[in-house]
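Student: structure of the sequence below:
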Amino acid sequence: MFWRLLEREAGWLPPWRDLLRVYRRLEARGEIRGGRFVAGFSGEQFALPDAIGLLRETRRKDRSGELVSLSGADPLNLMGVLTPGPKLAALTGNRLLYLDGLPIASLSGGETRFHETLDAAAEWQARKALLRAAAPPAMADLSAS
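Tutor: Numbering: from 1, shown residues only. Model prediction:
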């Protein structure tokens, strides 16, 4: 995520052709791997070697029903980038709700939008999670003690 650091600190992002040259050198040295790791995301992708095993492991996991709410400004806001549909603007007031790693709802301009069909109870839980910034269970356990 070197380019994110450059963008944040310097206010600019180098052209992709320059980054690609560096990434291919790193790949040739075995420091990173190139390929297509995430379906639905066009173009070349690069990752640390350890990340590929973690991506495969995540794909094989059973669904846990875990809700994760995050800011629209978070780098994990991949709505409309990796998933079909409109993008969610990268603003701190916007929120995105994931269920088992898939976006199911978003909050933008005070309006909740559901991207999956949910029953009434699940919709209520999703709204609550978006408004209260649901923490993963492990984090919730820490705050209770």
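Student: strands of this protein, start to end?
Tutor: Secondary structure of the chain (DSSP state E): strands located at 33-35, 45-47, 67-71, 95-99, 102-108, 111-114.
Student: of all those strands, which lies closest to V22?
Tutor: V22 lies closest to strand 45-47 among those, at 9.8 Å (Cβ to Cβ). In short, each C-beta sits where N, CA and C put it, glycine included.
Student: what sits against the residue positioned nearest the centre of the chain?
Tutor: Centroid check for the chain by Cα atoms, centre = their mean gives L76 as the closest residue, at 2.5 Å. With contact taken as Cβ atoms under 8 Å, 6 or more residues apart in numbering, L76 is in contact with 70, 96.
Student: got it, and R36?
Tutor: By Cβ under 8 Å, 6+ apart, the neighbours of R36 are 44-45.
Student: how close does it get to N77?
Tutor: Plainly put, R36 is 21 Å away from N77 if you go by Cβ to Cβ, to the nearest Å.
Student: now do the closest residue in space to G34 that isn't next to it in sequence against P49, distance only.
Tutor: Spatially, and ignoring its direct neighbours in sequence, G34 is nearest to E27 (4.8 Å; Cβ to Cβ, 6 or more residues apart in numbering). In this view, E27 and P49 are 10 Å apart by Cβ to Cβ.
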